[in-house]
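> below is the sequence, then the predicted model.
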Amino acid sequence: METLGRAAHSLKGASRVVGMAPVEKIAHRMESIFDAVQKNNLGLSAQIADYLYDALDAIQVLLSGDADHGGDNGENSEAVENVLSGLDSGLHLLSELAQAAPSVPADHALTVVEPAEPLPIRTEESIRVALTKLDALMADASDLLVERSSIEQRLLDVKAMRKAHQKWQKEWRRIRTLYIRLARQGKAASGAGCSNF
């Protein structure tokens with residue numbers, strides 16, 4: 001569940017960056033469902049799984065652009081609202097299950113064991129970038145990928161031309177050798193023909 005929650009969280013963030021508000025809302029609800037399942041140690045019912053599959057289908061339709069979502073990028077479409085409503089129903093079911101779940105008696109509770117020495121804290125460097133600059137950077141990266149594939153294709157073309165040139169040179173050497181032999185034979189034949197007179 002943790003992996004699914006992280007995937008939904010990443011999808012939510014990515015969709016926010018590219019301005020796909022409907023996908024962001026759906027991913028946020030999905031993340032909430034995965035978090036509720038994990039925190040309360042619950043299983044997914046078939047009905048909640050259906051809501052999640054419907055959400056994935058809706059995201060695919062939104063990303064492919066096949067459906068008519070109006071000028072607001074699908075934000076107010078009926079299909080998106082139905083998916084969000086289903087996910088909200090799933091969250092409601094999970095909250096009811098969490099309240100109905102029996103509490104663990106104190107003698108069966110888990111004991112947390114502290115490590116003997118503190119674990120090293122991983123610090124990662126991060127920076128903040130304005131959304132417009134990030135969009136420009138992503139557009140430049142996309143352009144670079146397109147140019148790279150174009151250059152790679154040209155490199156393959158140059159290699160093919162080089163191979164054809166080498167083949168042509170080899171063929172030219174063979175033909176030149178044959179020509180020289182024929183020319184010598186022609187001179188020898190004409191010289192022998194002159195001595196017969």
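Cool, got the structure.
> could you list the low-pLDDT ranges of the protein?
Under the criterion pLDDT under 70, the flagged ranges of the chain are 66-76, 101-126, 191-197.
> per the record, what domains does it have?
2-101, 131-197 (automatic domain parsing).
> and those domains, which is most packed in?
Most buried of the domains of the chain, by mean neighbour count (mean count of other Cβ atoms under 10 Å): domain 2-101, with a mean of 16. Using the backbone N, CA and C atoms, a C-beta is placed for each residue, glycine as well.
> how far off centre is it?
Per Cα atoms, centre = their mean, to the nearest Å, the displacement of domain 2-101 from the mean C-alpha position of its chain is 20 Å.
> kindly report the same for stretch 147-162.
Relative to its chain's centre, stretch 147-162 lies at 25 Å (Cα atoms, centre = their mean).
> helices or strands up against the longest helix seen in the chain?
Determined from DSSP state H, the single longest helix within the chain is helix 131-195. Applying 3 or more Cβ pairs under 8 Å, 6 or more residues apart in numbering; DSSP states H and E, we find helix 131-195 packed against helix 2-17.
> same thing but at 7 Å, please
Judged by 3 or more Cβ pairs under 7 Å, 6 or more residues apart in numbering; DSSP states H and E, helix 131-195 is in contact with no other helix or strand.
> how about residue 36, what does it touch?
91, 94, 98 (Cβ atoms under 7 Å, 6 or more residues apart in numbering).
> how close does it sit to residue 154?
53 Å (Cβ to Cβ, to the nearest Å).
> again with residue 97
60 Å.
> please apply the same query to residue 146.
Counting by Cβ to Cβ, the gap from residue 146 to residue 154 is 13 Å.
> residue 81 now?
Taking Cβ to Cβ as the measure, residue 81 falls 49 Å from residue 154.
> between the contacts of residue 36, which is closest to residue 137?
residue 91 (35.6 Å; Cβ to Cβ).
> quick one, what contacts the closest one?
Applying Cβ under 7 Å, 6+ apart, the residues near residue 91 are 32, 33, 36.
> ok, and the closest non-adjacent residue to the first one?
So the one you mean is residue 32. Among residues not flanking residue 32 along the chain, residue 91 sits closest, at 5.8 Å (Cβ to Cβ, 6 or more residues apart in numbering).
> same check on residue 23?
Nearest to residue 23 is residue 15, by Cβ to Cβ, 6+ apart, at 3.9 Å.
> next, residue 41: phi, psi?
In terms of degrees, to the nearest 10, the main-chain angles of residue 41 are phi 50, psi 50.
> ignore what I typed, I meant residue 129.
phi -130, psi 140.
> could you check the angle whichever strand or helix holds residue 63 makes with helix 2-17?
Applying DSSP states H and E as the criterion places residue 63 in helix 46-64. With axes from the mean of the first three to the mean of the last three Cα atoms, to 10 degrees applied, the angle from helix 46-64 to helix 2-17 works out at 30 degrees.
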